[in-house]
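Student: what follows is a predicted protein model with its sequence.
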Amino acid sequence: MNNKSKKSIATLFKYRSMSGDSFRHTQDIFLRNRIYLGDHTTLNDPTEGFYRDESKLVESNNGFYYAEDSPLLSPARAAKITCFSEDPRITLMWSHYSNYHRGICLGFRRKKLEEVSKLYKVKYNQRVPTTPQNATLLEKSIKGFQTKSKEWEYEKEWRIISFEESSFISLPPNSISHVIYGVNTPIEDIEWVQDWIKITGITIKRKKVVFSGHAAKMYMSEFDE
């Protein structure tokens, strides 16, 4: 993605389940203006944060390469991460992160998120990232957590990566711009979210997923209360 298109992304989306701890964390976003960051060990890719150190490169006549026994290094520092996507219309994301289309998807104003934390656009590569010899532990960790295998490329992911003790980041007022209900979101969960929106008193665009056409393409329709 070029810099121009990167800057044009005004909204980042977070797919949410409405069950278990996710219900409470979603409620927190609305009523306590804070967002939960999970420990990196709970992420779904077991190679999250791995990297290789440039000092392990071996020189040959054809350039530099890693020896076969060159180790993959685990994350240099423990991290807490929360994830977003550029696109609210990814069917697999609704299945994996919104409880099989029974959850919701929240849109956040990117500028608001950047007021409280740096956002990292995930880079997709088949190779584990290489870190310079003189890189700090923090720089190595960020590079590791900012890179994922190409098989995850469909997620179009952005991240907040924190190395603080707290599992929460406070959000500025009016951070939420959209609420999108899944095609299977139960009415009782919709009512919960509608109540939270009323309590906040802010204007939020509300939509609902529908599938239409011969190809059952995903669309966002206006939500009628």
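Tutor: Noted; the coordinates are in hand.
Student: quick one: which helix or strand includes the residue nearest the centre of the chain?
Tutor: Of all residues in the chain, the one closest to the mean position by C-alpha atoms, centre = their mean is Cys83, 1.6 Å from it. Per DSSP states H and E: Cys83 is located in strand 80-85.
Student: gap between that strand and the chain center?
Tutor: 3 Å (C-alpha atoms, centre = their mean, to the nearest Å).
Student: with just CA atoms, put that strand into CSV.
Tutor: C-alpha atoms of strand 80-85 as CSV (Å, rounded to 0.1, in the frame of the first residue of the first chain):
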residue,chain,number,x,y,z
LYS,A,80,0.0,-6.6,24.8
ILE,A,81,-1.8,-6.1,21.5
THR,A,82,-5.2,-5.0,20.2
CYS,A,83,-6.0,-5.5,16.5
PHE,A,84,-8.0,-3.7,13.8
SER,A,85,-8.8,-4.2,10.2
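Student: C-terminal to that strand, what's the next element?
Tutor: helix 91-97.
Student: can you tell me what sits against that following helix?
Tutor: 15-17, 44, 85, 87, 100-101, 103, 105, 154-155, 182-183, 209, 218 (C-beta atoms under 8 Å, 6 or more residues apart in numbering). To be clear about C-beta, it is placed using only N, CA and C from the backbone, and glycine gets the same treatment.
Student: go again using 6 Å as the cut-off
Tutor: Helix 91-97 has contacts (C-beta atoms under 6 Å, 6 or more residues apart in numbering) with Tyr15, His101, Gly182.
Student: check which element follows that helix along the chain.
Tutor: strand 104-109.
Student: neighbouring strands - and their directions - for that following strand?
Tutor: strand 11-16 (antiparallel), strand 176-181 (antiparallel) (DSSP bridges).
Student: helices along the chain, start to end?
Tutor: Taking DSSP state H as the test, the helices found in the chain are 3-7, 21-31, 91-97, 110-116, 137-145, 187-200.
Student: tabulate those (CSV), appending distance to Ser177.
Tutor: Listed next are the helices of the chain as CSV, based on distance: least, C-beta to C-beta, whole Å:
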stretch, distance to Ser177
helix 3-7, 17
helix 21-31, 12
helix 91-97, 18
helix 110-116, 9
helix 137-145, 26
helix 187-200, 12
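Student: just say which of these is most tucked in.
Tutor: Among these, judged by mean count of other C-beta atoms under 10 Å, the one packed with the most neighbours on average is helix 137-145 (a mean of 20).
Student: what angle sits between that helix and strand 80-85?
Tutor: Orientation of helix 137-145 against strand 80-85 (axes from the mean of the first three to the mean of the last three C-alpha atoms, to 10 degrees) gives an angle of 40 degrees.
Student: and helix 137-145, how far out from the chain's middle?
Tutor: Distance, centroid of helix 137-145 to centroid of chain: 17 Å (C-alpha atoms, centre = their mean).
Student: in contact with Phe145, which residues?
Tutor: Gly49, Ala79, Ile161.
Student: where does the chain dip in pLDDT?
Tutor: Along the chain, the parts satisfying pLDDT under 70 run over 1-7, 54-74, 76.
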